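In: Here is a sequence together with a model predicted from it:
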Amino acid sequence: SSSSSSSSLSSSSTTLRSSSLRARATPAKSVLSVVPISEETRAILKRHTGQDFLTSADLPSKLDLRNCEDLVDVSALGQVKQLKLSSCHRIVDVSALGQVEELDLGGCFGVIDVSALDGVRKLSVGDCVGVTDVSALATVQTL
């Protein structure tokens, strides 16, 4: 009887070990890629989406914040894949948005420097009167 219980124990530990290996097959998001969202930006996101996002890892892949007059800090939005920020007049620093795939900054008057956006695939800067130099954006497919 003791030999049958030890063999069942042995097989259950083997099962446990192999199932835990399967659970790790999908890597978790890197801790380094998680950026906390400022209280001000969180309040704006909640007002526009109805959801409360604590960190950048919680954000959806598509985010539409057009005409958001009070949005200033977009530093935590860099992991969003499609980001619409047109007519957000108070945004100045977009350097954290270089990994966004499709970025609409049309009418963002405060934006001047777009040199960090070379990773963006589709970029709209229409009516961004402060943007005068797009030479760093040679890799952008649609400008």
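Out: All right, it came through fine. Numbers count the residues shown, from 1 in each chain.
In: ranges for the helices of this protein?
Out: Secondary structure of the chain by DSSP state H: the helices cover 2-23, 39-49.
In: Where among the ones you listed is average confidence lowest?
Out: Confidence, taken as mean pLDDT, is least for helix 2-23 of the helices of the chain (a mean of 48).
In: mind listing what residue 92 touches?
Out: Taking Cβ atoms under 8 Å, 6 or more residues apart in numbering, we find residue 92 in contact with 72, 110-112. From N, CA and C alone the C-beta is placed, and that goes for glycine too.
In: Let me fix that, I meant to ask about residue 84.
Out: 63-66, 104.
In: Let's see the PyMOL selection covering just the buried ones among those.
Out: Buried members of the contacts of residue 84, defined by 16 or more other Cβ atoms under 10 Å, are picked up in PyMOL with:
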select buried, resi 63+65+104
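In: Format the contacts of residue 84 as JSON lines; extra columns: pLDDT.
Out: Compiled in JSON lines, those are given as follows (pLDDT from 0 to 100):
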{"residue": "63", "pLDDT": "96"}
{"residue": "64", "pLDDT": "96"}
{"residue": "65", "pLDDT": "96"}
{"residue": "66", "pLDDT": "96"}
{"residue": "104", "pLDDT": "97"}
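In: how about a markdown table for the contacts of residue 84, with distance to residue 143 added?
Out: Formatted as a markdown table, those follow (distance: Cβ to Cβ, whole Å):
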| residue | distance to residue 143 |
| --- | --- |
| 63 | 21 |
| 64 | 21 |
| 65 | 21 |
| 66 | 19 |
| 104 | 12 |
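In: Show only the entries of the contacts of residue 84 found in strands.
Out: 63-64, 104 (DSSP state E).
In: From those, pick the one nearest residue 42.
Out: Nearest to residue 42 out of the ones in strands among the contacts of residue 84 is residue 63 (Cβ to Cβ; 13.1 Å).
In: hang on, isn't the closest one packed against residue 51?
Out: No - using Cβ atoms under 8 Å as the test, residue 63 is too far from residue 51 to be in contact (10.5 Å).
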